[in-house]
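**Q** here are the coordinates; sequence isn't available:
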């Protein structure tokens, strides 16, 4: 009886569950497993985003190049407008066609809720000098679509640059309305 009384005084009575070695090891392993899963999901999310951004950028480059090639063969403004509208509506992108003096000839928006997006500085000037441009930019005033990808391509007739095609798309696609 005396020994039992001393043991209860010494050990503080009944041992609490989190004080046992096995409970501490279990909590440590659970915490490490949870941390690893969170880290792995973050890495996977980041890699997938980069993959989809690169894929979307490559698609925009192909679209701008193909449209520039088609427009180099068309001089009638009605055909230029039709090709631009068709591209913007099918691909859900914004298309602007510029003449050789950097004036917008045609603007087509295939993204319903967005306004015309302001171009990155010097993108068209560089394109009119013959160099295609690609990239992404952020628009602070557009809450629906703040991040955009873009691609430009020069319109060539022979060796001469006669204009430029600019195509932009938001990084977040609009939701389909039912």
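**A** Happy to help now that I have it. Source: prediction; values computed, not measured. Numbering: from 1, shown residues only.
**Q** From now on I want contacts and neighbour counts done on CA atoms only, so please keep to that.
**A** Noted.
**Q** roughly how far apart are the spatially closest residue to residue 138 that is not a sequence neighbour and residue 89?
**A** Once flanking residues are discounted, residue 138 sits nearest to residue 147: 4.6 Å by C-alpha to C-alpha, 6 or more residues apart in numbering. As judged by C-alpha to C-alpha, to the nearest Å, residue 147 and residue 89 stand 20 Å apart.
**Q** Also residue 132?
**A** 23 Å.
**Q** Check residue 95 too.
**A** Residue 95 is 10 Å from residue 89, by C-alpha to C-alpha.
**Q** likewise residue 31?
**A** In terms of C-alpha to C-alpha, residue 31 sits 49 Å off from residue 89.
**Q** just residue 56 next, same as before
**A** Plainly put, residue 56 is 16 Å away from residue 89 if you go by C-alpha to C-alpha.
**Q** ditto for residue 134
**A** Counting by C-alpha to C-alpha, the gap from residue 134 to residue 89 is 21 Å.
**Q** what about the chain, any weak spots by pLDDT?
**A** 1-18, 75-76, 112-117, 121, 142-143, 173-178 (pLDDT under 70).
**Q** switch the cut-off to 90
**A** 1-24, 45-57, 59-60, 63-97, 100-125, 133, 135-149, 157-159, 168-178 (pLDDT under 90).
**Q** Tell me where it has helices.
**A** Per DSSP state H, the chain carries helices over the ranges 2-11, 21-72, 77-91, 123-128.
**Q** Distance to residue 152 added to those, as JSON lines?
**A** Converted to JSON lines, the helices of the chain look like this (distance: least, C-alpha to C-alpha, whole Å):
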{"stretch": "helix 2-11", "distance to residue 152": "76"}
{"stretch": "helix 21-72", "distance to residue 152": "6"}
{"stretch": "helix 77-91", "distance to residue 152": "13"}
{"stretch": "helix 123-128", "distance to residue 152": "7"}
